[in-house]
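Participant: let me see the structure of the following:
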Amino acid sequence: MATAPSEWPSIPALVASAAAVGVTAIRIMDEPWARDCEPCKSGALTASSAPAPMYPPEAWFTMPEPDELTPLTITDDGRVFGHIAGWQSCHTGFSGQCVLAPRSQTEYANFHTGALKTAEDTVISVGRITLGTGHADLKLDAHQAMEHYDNTGTVSAQIVAKNGKHGIWFSGALEPDMDELKIRKLRGSALSGDWRPHGRGLELIAVLAVNTPGYLVPRARVASGQPMALVAAGVLQGKEIEPTPERNERLEAFMAYVLEKDAAELRATMKRRHDEAASRELSRNEEAVAALRARVHGVSV
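Facilitator: Residues are numbered from 1 along each chain as shown. Model prediction:
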């Protein structure tokens, strides 16, 4: 027999109790008294709502780039946007040289491998921000690297990336199942791209939330809504510098170095396999000659 409504706790108390143990929705069974329950009808019996919509507006993915380099930003309604890397930022992993972020020559086709349905009932191509995993081994090819991220990380957001004025700009939406703890982890992280050889250059295939990125996108310290200082050391403030032929040449030289290194490793691997195969063939030939000599010697005797 169902419990009488008067014996139930108040709706606010019920919702608070549910939220305390991680319950995000309460479903009241179809009792006669529940049909007259206005909060039940309106959906007010919800401890918390999803931070991002299941079908986000298409405009979230076409957000214009602002006039300054912008770190990963997450809004309360589930929007995400920012720069993955600035065009003038040197990679922190290379000493004695300034390695700039590669510009996509394919409009990030190797990154936009997913599809998402929007609130306007359109389907757009998207990439993903992966949370909770590390970079794939540099020896892996693009396909193997993407498998690594698919199998080890959690998709935290769906985004669209493009070559912006100040860097690699992206905008999009959180995944609907991102809870407050995961959002906190994502907001406290920096973004790091994974570029792999494609054609004559490097193309972005993945974006990870990490503790220490290769390309720093400084976050301003803010007091009363006014920027006070930049957290990242060594970042020059001033007019944004457009790419120059010299910088492009350095980037092309770096990409050529990466491709030549991969080619050299491949040649060494092929030579080693060839030598091993030749050695095995020689050994088989020597064994065959020895067996033939033994048979001939046996007949002559």
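
Participant: which residues in the protein form strands?
Facilitator: 73-74, 79-86, 114-117, 123-131, 154-163, 167-174, 190-198, 201-210, 220-223, 226-230 (DSSP state E).

Participant: what mean pLDDT would you report for the last one?
Facilitator: Model confidence over strand 226-230, given as mean pLDDT, is 32.

Participant: and if you look at the first one?
Facilitator: For strand 73-74, mean pLDDT is 95.

Participant: do the same with the third one
Facilitator: When the per-residue pLDDT values of strand 114-117 are averaged, the result is 96.

Participant: columns mean neighbour count and distance to Glu281 on top of the strands of the chain, output as JSON lines?
Facilitator: C-beta coordinates here come from the backbone N, C-alpha and C atoms, glycine included. Supplementary listing: those in JSON lines, determined by neighbours: other Cβ atoms under 10 Å; distance: least, Cβ to Cβ, whole Å:
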{"stretch": "strand 73-74", "mean neighbour count": "17", "distance to Glu281": "61"}
{"stretch": "strand 79-86", "mean neighbour count": "24", "distance to Glu281": "50"}
{"stretch": "strand 114-117", "mean neighbour count": "14", "distance to Glu281": "48"}
{"stretch": "strand 123-131", "mean neighbour count": "20", "distance to Glu281": "46"}
{"stretch": "strand 154-163", "mean neighbour count": "21", "distance to Glu281": "49"}
{"stretch": "strand 167-174", "mean neighbour count": "25", "distance to Glu281": "51"}
{"stretch": "strand 190-198", "mean neighbour count": "20", "distance to Glu281": "33"}
{"stretch": "strand 201-210", "mean neighbour count": "22", "distance to Glu281": "39"}
{"stretch": "strand 220-223", "mean neighbour count": "11", "distance to Glu281": "66"}
{"stretch": "strand 226-230", "mean neighbour count": "11", "distance to Glu281": "64"}
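
Participant: need the phi and psi values for Thr113.
Facilitator: phi -100, psi 0 (degrees, to the nearest 10).

Participant: any stretches of the chain with poor pLDDT?
Facilitator: 1-50, 134-153, 218-245, 247-266, 298-301 (pLDDT under 70).

Participant: distance of Ala59 from Leu69?
Facilitator: Distance of Ala59 to Leu69, computed by Cβ to Cβ, to the nearest Å: 22 Å.

Participant: so which of these two has more stuff around it?
Facilitator: Leu69 (25 against 12; other Cβ atoms under 10 Å).

Participant: hang on, isn't that one packed against Gly167?
Facilitator: Yes. In this structure Leu69 lies within contact range of Gly167 using Cβ atoms under 8 Å: 6.0 Å.

Participant: quickly list what's touching both of the two.
Facilitator: Common neighbours of Leu69 and Gly167 (criterion: Cβ atoms under 8 Å, 6 or more residues apart in numbering): 83, 86, 217.

Participant: distance to Pro64 for those - can I get that in JSON lines?
Facilitator: Formatted as JSON lines, those follow (distance: Cβ to Cβ, whole Å):
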{"residue": "His83", "distance to Pro64": "13"}
{"residue": "Gly86", "distance to Pro64": "17"}
{"residue": "Val217", "distance to Pro64": "18"}
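
Participant: return the member of those residues nearest to Arg200.
Facilitator: Distances from Arg200 to the shared contacts of Leu69 and Gly167, taken as Cβ to Cβ, are shortest for Gly86 (23.5 Å).

Participant: give the contact list for the closest one.
Facilitator: Counted by Cβ under 8 Å, 6+ apart, Gly86 has contacts 69, 101, 166-167, 215, 217.

Participant: and which of the residues you listed is nearest to Pro53?
Facilitator: For those, the nearest to Pro53 is Val217 (26.4 Å; Cβ to Cβ).
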